[in-house]
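Colleague: everything below, folded, please.
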Amino acid sequence: MSKKDSYILGVNAYDHDTSACLIRNGEIAYAISKERITRKKHDSGFFREAVDYCMNAEGIGLNDVDLVVRNSYVLPVDDMETRLLSVFVPEAMDLEERAEAMASPLFLPRSNKVMTVSHHLAHAYSAFAVCPFEEGVVMVVDGVGNYAADITEPGQLTEGVNPLARESESYYRFSGSTLETLKKVWLQPTRGFLSDEFFFMPGLGALYSRVSSYIFADWNKCGEVMGLAPYGRPGAFKSLVHLENGELRFTEWDRDLAQPWMVNRDPDWEKSSCMKHWEDLAWRIQDDAETVLLARARWLRETTGAKNLVLAGGVALNCVANGRIAREAGFDNVWIQPAAGDDGIAIGCAYYGQLAVQKKPRSYVMHHAYTGVPYTDEKIAAATSATSVRLQARSWRSDDVFAETAKLLSEGNVFGWFQGRSEFGPRALGNRSLIADPRTAAMKEKVNKRVKHRQAFRPFAPVVLAERANDVFECNGRDSPYMLLAERVRPEWRDKIPAVTHVDGTARVQTIRLDQNERLYRLLQAFDKLTGVPVLMNTSFNVKGEPIVETPEDAVNCFLSTGVDYLALHDTLMTKKPLHRVVAPVLKTYDEIASLVRTTLSVELSRGGG
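Modeller: As a prediction, the model looks like this:
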């Protein structure tokens, strides 16, 4: 570490998808979501694990950091921590983590180098500060942001606004390092029952989340709603939201919407008699969302004359709407922050510190999302040589991992592909991926049933050589490196890659270039040479309900506990031995008993038991 290095730490705190980002001399050094470390999906609460991950990777301590910028969408972080001193909020922190937080120098720090920034402002900085454009406009749309009372922005637009209104949409113009607020759309305070106000707030993201809760009993399954939508019937429901003179107008939630998924009533979601009803509602909210977002983007283009648009906020993960914006809104270029949801807030916090607080110029473009720690071949060897692993699998070093993997893929095998630094954001982009041959429709069912254990309707994404993308998809030369644009599959290719073609003839495309991910690019080249198809199925290396794998040990564990056929860890390949069928159930039973014992002891200790 050079003494000349300057560091800023950004943190998304006490929120779902707690995360940290460390920038060094204006460039992202490391960024990680807490869930990747704790293995708890969308993990929230205190942020020690994510901060320590970044700091340890860089080999520095807090004293080496010039500035710490934090955000929580609930309250300013200092206010949040003051509340947590006297109020136990198990959704934010359990007792063990609460005690740990209280002892940390990052909890209510008495330092002028620690500050808070508001939610949509952090989203905006996460996008424009690292985008490839010198000037343009920013569109931030999500479920809920900070209270109006807690927001200070350039071009302040809170005069006359209820202090308890919350951010829903924010629009900005940027030039160089300067950001100006153009428009904000507010969620007005509303009544709620048992703290469910969010679902009744009059906002586009809030409404989409309400539909997600209605269909899947989980507000954070908006991606599943988007995937279900093409199965629905247009016109089965009246519009839930529309624009009238630039203002959102919402339809009353009435008796037509009285069939939510009740787990006790319908324990098997896919066999429920309400399925057609849910499909139709998914179509409705997706179509409404696309209509509103496209109108907002066109308004932004027409009122500013900007040629470049950047997107952030959880709604910017809607790749179908993004595709329409890219094709139809009139911008020359559209760029979407790969961690557009709240995990990406950490990036925005860090760059707010650099640009707005330190007044330094923009100097970095986010050409890729590989921000995790690199793991050495020695770490790989340690993960594969454990006794329990060697009993179940054999491993060997490949002389040409790309050609060997391509051949095995072409024979119908599913691969865990673990390479380089992990991706930041919700998409696996080729370093923590499950890879398969897209040429047969049966592959989709195989990966869904044997590996991912998820609903059959959900589509898989294709990764394609960027220079061949226009041959396969109607993308008009658009790159999509972060799997955030849905494009139509060309008719002549739909039967060639059915495993990654959705029911409506679209695909959530990832394009890849040599300078973005050399190893994934080489694998695609090898598969193309062998099959004539420059496309592979790419989905996240995890099972339903778990975060994407982070470490070699995570990868090996997922490989051994699922129907994945082969695992590639750098140049090391693994396959299962026949003994795996005997050993795996025994180890699973042991782990379940051990976990039950740990949980029981933890509960007893929290109750003050001996």
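
Colleague: quick one, helices of the stretch 251-400 of the chain?
Modeller: Ranges of helices in the stretch 251-400 of the chain, per DSSP state H, counting those that start in this stretch, are 275-304, 319-328, 345-352, 377-384, 387-392.

Colleague: touching the shortest one from outside, list them.
Modeller: Counting by CB atoms under 8 Å, 6 or more residues apart in numbering, the neighbours of helix 387-392 from elsewhere in the structure are 383-384, 556, 560, 576-577, 579-580, 583-584, 587. The C-beta positions use only the backbone N, C-alpha and C, and glycine is treated the same way.

Colleague: from those residues, which two are the most distant?
Modeller: Greatest spatial distance among these (CB to CB): Ala383 and Leu579, at 18.7 Å.

Colleague: neighbour count for these two, which is higher?
Modeller: A direct count of neighbours by other CB atoms under 10 Å for Ala383 and Leu579 places Ala383 higher, at 22 against 11.

Colleague: show me the residue at the heart of the chain, geometrically.
Modeller: Geometric centre of the chain, nearest residue: Pro426, 2.3 Å, by CA atoms, centre = their mean.

Colleague: list the contacts for it?
Modeller: Counting by CB under 8 Å, 6+ apart, Pro426 makes contact with 223, 317, 339, 341, 343, 540.

Colleague: check contacts around the spatially closest residue to the second one that is not a sequence neighbour.
Modeller: Nearest in space to Leu317, with sequence neighbours left out and distances taken as CB to CB, 6 or more residues apart in numbering, is Ala340 at 5.2 Å. Residues near Ala340 by CB under 8 Å, 6+ apart: 123, 126-127, 311-314, 316-317, 425, 484.

Colleague: got those as JSON lines, with pLDDT, distance to Val114 and neighbour count columns?
Modeller: Below are these laid out as JSON lines (pLDDT from 0 to 100; distance: CB to CB, whole Å; neighbours: other CB atoms under 10 Å):
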{"residue": "His123", "pLDDT": "98", "distance to Val114": "20", "neighbour count": "33"}
{"residue": "Ser126", "pLDDT": "98", "distance to Val114": "19", "neighbour count": "34"}
{"residue": "Ala127", "pLDDT": "98", "distance to Val114": "24", "neighbour count": "29"}
{"residue": "Leu311", "pLDDT": "98", "distance to Val114": "29", "neighbour count": "28"}
{"residue": "Ala312", "pLDDT": "98", "distance to Val114": "23", "neighbour count": "32"}
{"residue": "Gly313", "pLDDT": "98", "distance to Val114": "25", "neighbour count": "30"}
{"residue": "Gly314", "pLDDT": "97", "distance to Val114": "26", "neighbour count": "25"}
{"residue": "Ala316", "pLDDT": "98", "distance to Val114": "28", "neighbour count": "25"}
{"residue": "Leu317", "pLDDT": "98", "distance to Val114": "29", "neighbour count": "27"}
{"residue": "Gly425", "pLDDT": "96", "distance to Val114": "25", "neighbour count": "25"}
{"residue": "Leu484", "pLDDT": "97", "distance to Val114": "32", "neighbour count": "26"}
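
Colleague: separation between Lys34 and Glu553?
Modeller: Distance, Lys34 to Glu553, using CB to CB, to the nearest Å: 18 Å.

Colleague: the two: which has the busier surroundings?
Modeller: Neighbours per residue (other CB under 10 Å) separate Lys34 from Glu553, with Lys34 holding more: 27 against 16.

Colleague: wait, that one sits on Ser19?
Modeller: Yes. At 6.3 Å, Lys34 counts as touching Ser19 under the criterion of CB atoms under 8 Å.

Colleague: what touches both of those two?
Modeller: Common neighbours of Lys34 and Ser19, using CB under 8 Å, 6+ apart, are 47, 50.

Colleague: quick one, what contacts Ser19?
Modeller: 11-12, 31-34, 47, 50, 339, 342-346.

Colleague: can I have the buried ones of those as a PyMOL selection?
Modeller: Written as a PyMOL command, the selection of buried residues from the contacts of Ser19, which uses 16 or more other CB atoms under 10 Å, is:
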select buried, resi 11+12+31+32+33+34+47+50+339+342+343+344+345+346
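
Colleague: of all the contacts of Ser19, which comes closest to Arg191?
Modeller: In terms of CB to CB, no member of these lies closer to Arg191 than Asp342, at 25.5 Å.

Colleague: secondary structure class for the closest residue to the closest one other than its chain neighbours?
Modeller: Leaving aside its chain neighbours, Asp342 sits nearest to Asp17 (4.5 Å; criterion: CB to CB, 6+ apart). Following DSSP: H, G, I helix; E, B strand; the rest coil, the label given to Asp17 is coil.

Colleague: can you check Val69 too?
Modeller: Assigned with three-state DSSP, Val69 falls in the strand class.

Colleague: burial measure for it, as a count.
Modeller: 27.
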